[in-house]
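*Asks:* Sequence and predicted structure are below.
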Amino acid sequence: MFGYSRNSGISWFRDYGDALHKYESTTDIRGRTEEPKRPLGHRKSVDMYSIVKLDNGDIQCVLYQTPVITFHTDNTVSIKDGSWASQTTANFIPEVMGGDVYARVFNAKICLTVCGDDYFLPSEGLKLSKTEQGNWQVDNPPNNVIHHINRKASQLALAKYEDFFNYLERMMKLRFDGERAVFCEEEYVHTFGELKDGTNYMGRSDCVLNTAYQGTHLGKFKEYITDTSEAQHMSYYKAMLTLVNTVAWIDWHSQQRRMKRVHWDKAFNELKNFIWGLHRDEVFKEVPVANGVVKRDAYGRFFSGGWNTYHANNIVR
């Protein structure tokens, strides 16, 4: 309860007039290597909290380098999170906006509570204005949806990769001795080539499956599990090693990847999730959520981050 956010030195603003007064009554901090800055809170915290007046008269309240809150001359307010849903941003918003606007991180997004209603903060931001009673209201409520899985479509999508599922099942039985399976560093070097940058294979993007960011590994892995050529057995083998590299327990002394039964279960789950991501528009359906209500989207990860970039680049055919 005695966190740093409680001692930011920020005084909340009721409207544009308050923001303008704060800007005009505060002096820049000069003598810096960077451009002079005008503090929003304590002067010692100017690199964290600052206030800026734009040429059109708008006042920006800046968190680090992100203009999170902008007070416009028409007395409306824009709120954006800079595509970074952090608790620091959630703390900053009510410090500037006061008790009428509360913020928290929920479902990996900034969630605003405005006069009792909840809204996820979309990438384009929210616009607020004053009601006749002097309370803030949201002028552009987003069309909030969550995703439900279509079980039949999921089964059809997974069935397209039945051959690789069967291969992985057979390799598990072959490599697993009932206690563990061991994959050595030499096996990866022989398959993917020598590392020249001094890193280990856990940090090499082409043989670890991480759908949180966009990289060539997503397309490569898809090529492995959809290969129907004469080299299919090698492609399947690379896909298996990629899954192992993603979920295995690593012995940092020997660089061996060791797989217990639980790791094999994770490997199959990673494969299933990857296929869902490839076929997300078939597997998931959108379900509207009432205005002013937010719900956890259990499958929202397939519509953000690396998967968004992946589909936006038309990699999936």
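*Replies:* Arrived safely, thanks for sending. Numbers count the residues shown, from 1 in each chain.
*Asks:* Check whether K220 sits in a helix, strand or coil.
*Replies:* helix (DSSP: H, G, I helix; E, B strand; the rest coil).
*Asks:* Then G306?
*Replies:* With three-state DSSP as the basis, G306 sits in helix.
*Asks:* and the nearest residue to E286 once chain neighbours are set aside, what does it touch?
*Replies:* Of all residues not flanking E286 in the chain, V145 sits nearest, at 4.4 Å (C-beta to C-beta, 6 or more residues apart in numbering). Every C-beta, even on glycine, is put in place using the N, C-alpha and C of the backbone. Listed by C-beta atoms under 8 Å, 6 or more residues apart in numbering, the contact set of V145 reads E286, V287, P288, V289, D297.
*Asks:* Over to the last one: give its phi and psi.
*Replies:* To tie it back to what came earlier, the one meant is D297. Dihedral pair for D297: phi -100, psi 100, per degrees, to the nearest 10.
*Asks:* Does it touch H147 like I think?
*Replies:* Yes - contact criterion C-beta atoms under 8 Å: D297 and H147 qualify, at 5.8 Å.
*Asks:* shared neighbours of those two, which are they?
*Replies:* Common neighbours of D297 and H147 (C-beta under 8 Å, 6+ apart) are F303.
*Asks:* looking at the contacts of V145, which has the most residues close by?
*Replies:* Comparing those on neighbour count, D297 comes out first with 23 neighbours (neighbours: other C-beta atoms under 10 Å).
*Asks:* what secondary structure does Y310 sit in?
*Replies:* helix.
*Asks:* Now for it, how many residues are close by?
*Replies:* 21.
*Asks:* Mind pulling the model confidence for the residue nearest to E286?
*Replies:* V145 carries a pLDDT value of 91.
*Asks:* Repeat that for S83.
*Replies:* 76.
*Asks:* now K196
*Replies:* 62.
*Asks:* now swap in the one 5 residues further on and tell me
*Replies:* According to the predicted model, the pLDDT of Y201 comes to 57.
*Asks:* and what of W252?
*Replies:* pLDDT for W252: 84.
*Asks:* any idea how far the residue nearest to E286 is from Y188?
*Replies:* Look at V145 and Y188: by C-beta to C-beta, to the nearest Å, they are 41 Å apart.
*Asks:* buried set for the helix or strand bottoming out on mean pLDDT in the chain?
*Replies:* Among the helices and strands of the chain, helix 305-312 carries the lowest confidence by mean pLDDT, DSSP states H and E, at a mean of 83. Using 16 or more other C-beta atoms under 10 Å as the test for burial, helix 305-312 gives G305, G306, W307, Y310, H311.
*Asks:* Stretch 140-157 too?
*Replies:* Buried-residue list, stretch 140-157, by 16+ other C-beta under 10 Å: P141, P142, N144, I146, H147, A153, S154, A157.
*Asks:* again, but for stretch 258-267
*Replies:* Buried-residue list, stretch 258-267, by 16+ other C-beta under 10 Å: R258, M259, H263, W264, K266, A267.
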